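A.B. asks: Model the following, please.
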Amino acid sequence: MKTVLYAGVFIFLGLVRTLGAPLSLPSTPYSYTVLDQDLAAALQEFGNNLNIRVNVSPEVKGRIRGRMPDLAPREFLERLTGLYNLQWYYDGLVLYVSDAHEAQSRLLVLNPITLNAFKSALDSLDISDERYVVRAAPGDGLVFASGPPRFIALVDETLKGLVAEAQARPNLTTMEKPAHESVLMLFRGASSTVIRGGRPEGPLSSAAPQQDSVVHAPAPGQR
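C.D. replies: A predicted model of the protein is given here:
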C-alpha cells in the first residue's frame, strides 16, 4: 500500500482539498481545438499539456468532434466527464479517468477499527472525496463505500492496513496483568520469615512450630 499520497510539485495555483489529493490546475483558459479525436487520446494530451500523469480506463470510449470552448482546465475536465459519463479521481500521483459504469460499491467490515478512526485516516492521506461515498452501513461495524475503481482500491487498502496494525499491536490488558506471586513462609525455630517473589520481607511473630519448615502460602486472589 502506498503510504505517501500527496501531489507532486506543480507551478499551478488553486487547490481543491475536498476532492481526494490536491489536483493543482491553472486558472487560465485551456485552448483545445479538435475536429475529430479519440476521447482517450484527448485526455492523455490534456495530461501531457499540464504535466500530469493520466491513466485512462480502456472502458472510456468515444470521440470528440468539433471545437471545445476555451475553459479553465478543471472546467474542461468536468465538461468531458459530464458529456461522456466519466468519473475522475486523483490520488496525488496519477489522474485516473474511468467510465461511470465502472463505479464500484463495497460493504467493508471495520472491526476492530472505529468509523471515526477510519475516516480520519482517509482524510489524513488525502483519499477522502466528497463526490464519493464512505458512510456507516446498517449492522455492527460495517461501512459502505462507493466510487471509481482507484478510490475504492485506496479505501480498501487503507482499511486493511489499519486492521493489520491493530491486530499486531500488543494486548495491553494482557501485558499489564500481574503475574501470580510466589509466597513462602519459612519457620525457623521460634521465628518465621515471609519470602515473597523470592525476596525475604522480614521476620514475623514467634507463634510458629519449633522446627525448620516451609509453608507455601496462597498468592493474593487464590485464597
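A.B. asks: neighbouring contacts of the longest helix along the chain?
C.D. replies: If you go by DSSP state H, the chain has its longest helix at helix 149-168. The contact list for helix 149-168, computed with C-beta atoms under 8 Å, 6 or more residues apart in numbering, reads 1-2, 5, 20, 55, 57, 89, 91, 94, 96, 98, 102-104, 106, 108, 110-113, 117-118, 121-122, 125, 127, 129, 132, 134, 143, 145-147. Bear in mind the C-beta positions are built from the backbone N, C-alpha and C, glycine included.
A.B. asks: In strands only, show me these.
C.D. replies: 55, 89, 94, 96, 98, 104, 106, 108, 134, 143, 145-147 (DSSP state E).
A.B. asks: Most neighbours out of the residues you listed, which is it?
C.D. replies: Comparing the ones in strands among the contacts of helix 149-168 by number of neighbours (other C-beta atoms under 10 Å), Tyr89 comes first, having 26 neighbours.
A.B. asks: if we can go back for a sec, format the CA atom coordinates belonging to the longest helix of the chain as PDB.
C.D. replies: Only the C-alpha atoms of helix 149-168 are listed here, as PDB (Å, rounded to 0.1, in the frame of the first residue of the first chain):
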ATOM      1  CA  PRO A 149     -12.100   1.800  -9.000                       C
ATOM      2  CA  ARG A 150      -9.000   3.700  -7.900                       C
ATOM      3  CA  PHE A 151     -10.900   5.400  -5.000                       C
ATOM      4  CA  ILE A 152     -12.300   2.100  -3.800                       C
ATOM      5  CA  ALA A 153      -8.900   0.400  -4.100                       C
ATOM      6  CA  LEU A 154      -7.300   3.000  -1.800                       C
ATOM      7  CA  VAL A 155     -10.200   2.900   0.700                       C
ATOM      8  CA  ASP A 156      -9.900  -0.900   0.800                       C
ATOM      9  CA  GLU A 157      -6.000  -0.800   1.200                       C
ATOM     10  CA  THR A 158      -6.300   1.800   4.000                       C
ATOM     11  CA  LEU A 159      -8.700  -0.300   6.000                       C
ATOM     12  CA  LYS A 160      -6.600  -3.500   5.600                       C
ATOM     13  CA  GLY A 161      -3.500  -1.600   6.800                       C
ATOM     14  CA  LEU A 162      -5.400  -0.200   9.800                       C
ATOM     15  CA  VAL A 163      -6.700  -3.700  10.700                       C
ATOM     16  CA  ALA A 164      -3.300  -5.300  10.300                       C
ATOM     17  CA  GLU A 165      -1.700  -2.600  12.600                       C
ATOM     18  CA  ALA A 166      -4.400  -3.100  15.200                       C
ATOM     19  CA  GLN A 167      -4.100  -6.900  15.200                       C
ATOM     20  CA  ALA A 168      -0.300  -6.600  15.500                       C
END
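A.B. asks: Buried by neighbour count: which residues of it qualify?
C.D. replies: Pro149, Arg150, Phe151, Ile152, Ala153, Leu154, Val155, Thr158, Leu159, Leu162, Val163 (16 or more other C-beta atoms under 10 Å).
A.B. asks: just the angle between that helix and strand 94-99, please?
C.D. replies: 120 degrees (axes from the mean of the first three to the mean of the last three C-alpha atoms, to 10 degrees).
A.B. asks: Which residue, other than its chain neighbours, is closest to Lys61?
C.D. replies: Leu39 (6.8 Å; C-beta to C-beta, 6 or more residues apart in numbering).
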